[in-house]
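A.B. asks: okay, structure incoming, though there's no sequence with it:
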Ligand code: MN
C-alpha cells in the first residue's frame, strides 16, 4: 500500500503532466491521431485477425473473410464500371461472406477444412451453405481473375487451350456462348477435370464445378459471373457486351498459375 505522503506527490505529478498536455493542443492532437493509427494497425494486424478467424464461440461469424480488392473500383473501366464493382464487392459479395459465416455457425461447420473440401461435399449441407459457400468462393476467385491490364495465357496453358479448342479465339467464342446461354443467374467456367482435360461449363446460381452437385466437375481455373448484378448498371440486358468487355480485363496470369498448380 502507498504511504500517506507518496499519494499526494504522485497525484500532483500526474496533474502537472495533464496541465502541460492540455496547454499543448497540437501535441494532444498528435497523441490522439497516433493512438488512432496504432489502433488501426492493431486491428489490421495478423494477431487480431487470427483471433477473429478462430473457431471459438466468441467470434462465430467471422471465419470467412473477403480479401481486399487488388485494384480500385474504377480500375476495370470501361469494361466493368466503378459503381458496379463497388456494389458487387461491398454489398453482394459481402452478403455471401456474412451468410456463409452464419451457416458455418448454425451447422457447426468444421472450419479447419479448406473451403474446397466443403464444396466437394456440399450436398450434405443446407441450401444456405450451398448458396453462400459457393457465392463466397466464386467471388473471391472472380476478383483475382480480373486485372486492369489483361495478360496472355502462359505457354503451357495456351498449348492446352489450342489442343482442346483449336485456338485461343475459338476457346473464347465457346466460353462466351456458355456464358450467354446460361439461363437466369449463374456462372460460366473454364475447368480442369480429373483426367486433366480442359472443359467449359456453366452452373446455375452460385454453384461451381467443385461441388458434388455440379453436372461437370473439376477444378475451376476461372469463372465469369453472369448474374445481372455483375453488369446491369452499365449493360442492362446486353449480357453479350459485358462478356466481350470481360476478355479485356481477364487476368491470364492468375488463370495460368492455377493451371500450373494442377
Ligand atoms: Mn456476383
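C.D. replies: Yep, that arrived. Keep in mind the model is a prediction, meaning the values are calculated, not measured. Numbering: from 1, shown residues only.
A.B. asks: and residue 147, how far from the ion?
C.D. replies: Distance of residue 147 to the ion, computed by C-beta to the ion, to the nearest Å: 18 Å. C-betas here are computed from N, CA, C, even on glycine.
A.B. asks: quick check: pLDDT value at that residue.
C.D. replies: For residue 147, the pLDDT comes out at 97.
A.B. asks: so who does it touch?
C.D. replies: 71, 249-251, 253-254 (C-beta atoms under 8 Å, 6 or more residues apart in numbering).
A.B. asks: all strands for this structure, in order.
C.D. replies: 186-192, 198-204, 219-225 (DSSP state E).
A.B. asks: residue 159: which of those is closest?
C.D. replies: strand 198-204 (10.6 Å; C-beta to C-beta).
A.B. asks: what helices or strands is that closest one leaning on?
C.D. replies: helix 155-165, helix 168-181, strand 186-192 (3 or more C-beta pairs under 8 Å, 6 or more residues apart in numbering; DSSP states H and E).
A.B. asks: tell me which of these sits most buried.
C.D. replies: Highest mean neighbour count among those (mean count of other C-beta atoms under 10 Å): strand 186-192, with a mean of 24.
A.B. asks: can you give the strand pairings for it, parallel or anti for each?
C.D. replies: Here strand 186-192 is paired, per DSSP bridges, with strand 198-204 (antiparallel), strand 219-225 (antiparallel).
A.B. asks: ok, which of these comes nearest residue 97?
C.D. replies: Nearest of these to residue 97, taken as C-beta to C-beta: strand 219-225 at 15.1 Å.
A.B. asks: which residues outside the closest one are in contact with it?
C.D. replies: So strand 219-225 is contacted by 88, 138-139, 141-142, 145, 175, 179, 187-192, 198, 208-210, 243, 246, 250, 254-255, 258-259, 262 (C-beta under 8 Å, 6+ apart).
A.B. asks: recalculate using a threshold of 6 Å.
C.D. replies: 138, 142, 145, 179, 187-192, 208-209, 246, 255, 258-259, 262 (C-beta atoms under 6 Å, 6 or more residues apart in numbering).
A.B. asks: show me which of the residues you listed neighbour the ion.
C.D. replies: Near the ion, taking C-beta under 5 Å from the ion as the test, no member of the contacts of strand 219-225 is found.
A.B. asks: point out where the stretch 51-200 of the chain drops to low pLDDT.
C.D. replies: For the stretch 51-200 of the chain, the stretches with pLDDT under 70 are 51-61.
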